[in-house]
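Asker: mind folding the following:
(2 chains)
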Protein chains: 2
Amino acid sequence: MLTLPSILADSHARLVACSAPREESRAAFREQFGGNAYSSIEDLASDLDVEAVYIATPHQMHREHAEILAAGGKHILVEKPLAISMADADAIVAATERAGVTLITGPSHSFDQPIVAARRLIDEGKFGRVRMVHAFNYTDFLYRPRRPEELVTEQGGGVVFSQAVHQVDVVRLLMGGKAISVTAATGGWDEKRPTEGAYAALITFDGGRFANLVYSGYAHYDSDVLQDNVGELGTEKDPKNYGAARRALATVSSPEEEAALKSRRTFGAVETPPAAPYPEHFGPVIVSCDRADLRITAKAVEIWGDIDRETIKINADPAPRAEVLEALYHSIRNKKHPPQTGAWGAVSLEICHAILESARTQTHVMLRQ
Amino acid sequence: MLTLPSILADSHARLVACSAPREESRAAFREQFGGNAYSSIEDLASDLDVEAVYIATPHQMHREHAEILAAGGKHILVEKPLAISMADADAIVAATERAGVTLITGPSHSFDQPIVAARRLIDEGKFGRVRMVHAFNYTDFLYRPRRPEELVTEQGGGVVFSQAVHQVDVVRLLMGGKAISVTAATGGWDEKRPTEGAYAALITFDGGRFANLVYSGYAHYDSDVLQDNVGELGTEKDPKNYGAARRALATVSSPEEEAALKSRRTFGAVETPPAAPYPEHFGPVIVSCDRADLRITAKAVEIWGDIDRETIKINADPAPRAEVLEALYHSIRNKKHPPQTGAWGAVSLEICHAILESARTQTHVMLRQ
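Answerer: Below is the predicted model:
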């Protein structure tokens, strides 16, 4: 639902087919776009009109779907996290390499306009090296309606696989270079929702550089107040909605009812959302360079320099997530690949696993790459 | 200079003597307060009119001075860090225990009014347990005028001994309970000032709880913008002073000149500052509890609860740092000791050493207590 507007708005893309398990979704697809709507991935993989596929299925299905589609010669954009297990992630990368197709892990918040703009400013070189990135985010993630597996860590549930992976992508893009080790603490503070809902993580990078990530999905405090009061998806927040997630959840009496509440947000069940007025974002980020700090908000990159400060306003894309569609196009047509390849997605996933492992074992976890 | 107004304002305290190596300071003391001004600590320790002494000498001198004063039966308020080496810290604690005198490590920002108010709210119990504390601070600490040893880590220089110790005190006071382990990364980003100027640290506490600390003393970004634009010492910041520390330092051409610039701020050289209009603070702090998050600013404690939010305004003391004088009085007269005893100061110092050790060895450092 959230990426659809970009696909429709992209001048290089035409939406010709889909695969979905729910007849309600398939019927809506046929009616709105007139293309083929399959119930099996195999049929989608053998549709000759299909050049690239966006895999937006639950994490644990990515490998099966990617292997079938890659074998059919389709280029792939797959949602983060690339997979749940490292074995699945590696298999996806191997399958696309074997087939010679593009694999991009996205959308993720590392494609957000303010992050991309900050990276471009850093690449100009006038601020010197990036030394430290500090990212934090306080949300009500754990109290939004969930399918049961989204509350089981082993099945990819909890905030590490769904949320840390965004933050990891963002800090990796801004830091540049190689992540070396991870140390972390995680919190599971609510017995009724027994998965990780919070973490703090320290990632070391080459050259003695480091990033610090903090996330609470149990939060009452809303760090979007520091982001121009703009929410994750680029829309202005209404203070009247304070506490809405917890209030809505209090009306639910079973896991089935909760899953039903969530599925009401899927394609075919709701209208396509209007384009957001501001860029998407994933919480406050401060980048410390030798000769400036960059504070990245929802609407701007603030440059705090040696002598003075400057605010560079960032406009939202006409369609949200246009950046990732653009990346897919250039990767397929011009062999110009974005940082967020399949191998990139595997490293971000490895860092998520390292967060869980470090918290469990109280050790520094060295990354394999 | 910064604690003097509290001593003068405190109804339980009378300023009767001092010891100082500079005749300029001693003369100013005699003129302003009419008491005894000694050049040796021994003379101060045997002055029968002196009941308690505030040790505000450089870190590396604390042990010698504390041992002499404790042997003379004086109660002691000693600046943080308690010492530089753990051996010195332990010796100070042992000396005061032997002599049966009070030892308080302070002032530190754990005595700040908003921190004390937040701790009181937590103690009322309605928010449940404190699960995570996140504290960060972006300052120009490394570019303020320094004596040469303040830029040598082994001599107690750098931000870990001077600044982390504040942040550690603040998060320990808010977390409550016992710190278990420390993992950290430190940054030394400026060859001309070769000590740690930045760090990120993760401290685990009993019950799987944790605190995350981030500090940059190289910062251009000023996190006081999130603290109602109030500086560390409780005065409003003037945006016209942006970059002032770096500009002032650029006019200095030798370590001697820089030390001279710093000593211009000592007692006898400058006027006593006026009382600050707001409480002191040490950067943004977010406390995550089961049923609320507390966001602590310079002027208030914001309570973000399950259902709604509330802002509790905090007034500055009539004199800054009154809280620490009050604690000293109750400790001596009523044997009611504050959390920030000598043993407390030793643990905070141990955590500072653990930050350095973890960063150097890339391991989790277990705390001895």
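Asker: hmm, who's touching the strand or helix carrying residue A:324?
Answerer: Taking DSSP states H and E as the criterion, residue A:324 maps to helix A:322-334. Contact with helix A:322-334 is made by A:3, A:6-7, A:9-10, A:12-13, A:51-52, A:75, A:77, A:102, A:104, A:106-107, A:111-113, A:116, A:317, A:336-338, A:340, as judged by CB atoms under 8 Å, 6 or more residues apart in numbering or on different chains. (C-beta placed from N, C-alpha, C; glycine too.)
Asker: may I see the buried residues of that helix?
Answerer: A:322-329, A:331-332 (16 or more other CB atoms under 10 Å in any protein chain shown).
Asker: does anything pack onto the helix or strand just after it? Which helices or strands?
Answerer: Stepping forward along the backbone from helix A:322-334, the first helix or strand reached (DSSP H and E) is helix A:342-361. The contact analysis (3 or more CB pairs under 8 Å, 6 or more residues apart in numbering or on different chains; DSSP states H and E) places helix A:342-361 against helix A:86-99, strand A:103-105, helix A:165-175, strand A:179-187, strand A:198-205, strand A:365-366.
Asker: what angle do helix A:342-361 and helix A:86-99 make?
Answerer: Here helix A:342-361 points in a direction 170 degrees away from that of helix A:86-99 (axes from the mean of the first three to the mean of the last three CA atoms, to 10 degrees).
Asker: between helix A:342-361 and helix A:165-175, how many degrees?
Answerer: 110 degrees.
Asker: so which residue is smack in the middle of chain A?
Answerer: In chain A, the residue lying closest to the centroid (CA atoms, centre = their mean) is residue A:108, at 2.9 Å.
Asker: got the phi and psi for it?
Answerer: phi -140, psi 170 (degrees, to the nearest 10).
Asker: so what's it up against?
Answerer: Contacts of residue A:108 (CB under 8 Å, 6+ apart): A:80, A:165-166, A:169-170, A:340, A:348.
Asker: can you rerun that using 7 Å?
Answerer: With contacts defined as CB atoms under 7 Å, 6 or more residues apart in numbering or on different chains, residue A:108 is in contact with A:80, A:165-166, A:169, A:340.
Asker: which of the residues you listed has the most neighbours?
Answerer: Neighbour counts for the contacts of residue A:108 peak at residue A:169, which has 29 neighbours (criterion: other CB atoms under 10 Å in any protein chain shown).
Asker: how near is that one to chain B?
Answerer: Distance, residue A:169 to chain B, using CB to the nearest CB, to the nearest Å: 19 Å.
Asker: now that residue: how far from residue B:347?
Answerer: 37 Å (CB to CB, to the nearest Å).
Asker: mind listing what the residue nearest to residue A:40 when sequence neighbours are not counted touches?
Answerer: Leaving aside its sequence neighbours, residue A:40 sits nearest to residue A:19 (CB to CB, 6 or more residues apart in numbering or on different chains; 6.5 Å). Counting by CB under 7 Å, 6+ apart, residue A:19 makes contact with A:38-41, A:43-44.
Asker: return the subset of those residues lying in helices.
Answerer: A:41, A:43-44 (DSSP state H).
Asker: so how far is stretch A:337-356 off the chain centroid?
Answerer: Relative to the centre of its chain, stretch A:337-356 is centred 11 Å away, using CA atoms, centre = their mean, to the nearest Å.
Asker: now that stretch - C-alpha only, CSV.
Answerer: C-alpha atoms of stretch A:337-356 as CSV (Å, rounded to 0.1, in the frame of the first residue of the first chain):
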residue,chain,number,x,y,z
HIS,A,337,23.6,-0.2,-8.6
PRO,A,338,22.6,1.7,-5.5
PRO,A,339,24.3,0.9,-2.2
GLN,A,340,21.3,-1.1,-1.1
THR,A,341,22.0,-4.3,-3.1
GLY,A,342,21.2,-7.8,-1.9
ALA,A,343,24.6,-8.1,-0.3
TRP,A,344,24.0,-4.8,1.5
GLY,A,345,20.7,-6.2,2.8
ALA,A,346,22.5,-9.3,4.0
VAL,A,347,24.9,-7.2,6.0
SER,A,348,22.1,-5.2,7.6
LEU,A,349,20.4,-8.4,8.5
GLU,A,350,23.6,-9.8,10.0
ILE,A,351,23.8,-6.6,12.1
CYS,A,352,20.2,-7.3,13.4
HIS,A,353,21.2,-10.8,14.3
ALA,A,354,24.4,-9.4,16.0
ILE,A,355,22.2,-7.1,18.1
LEU,A,356,20.2,-10.0,19.4
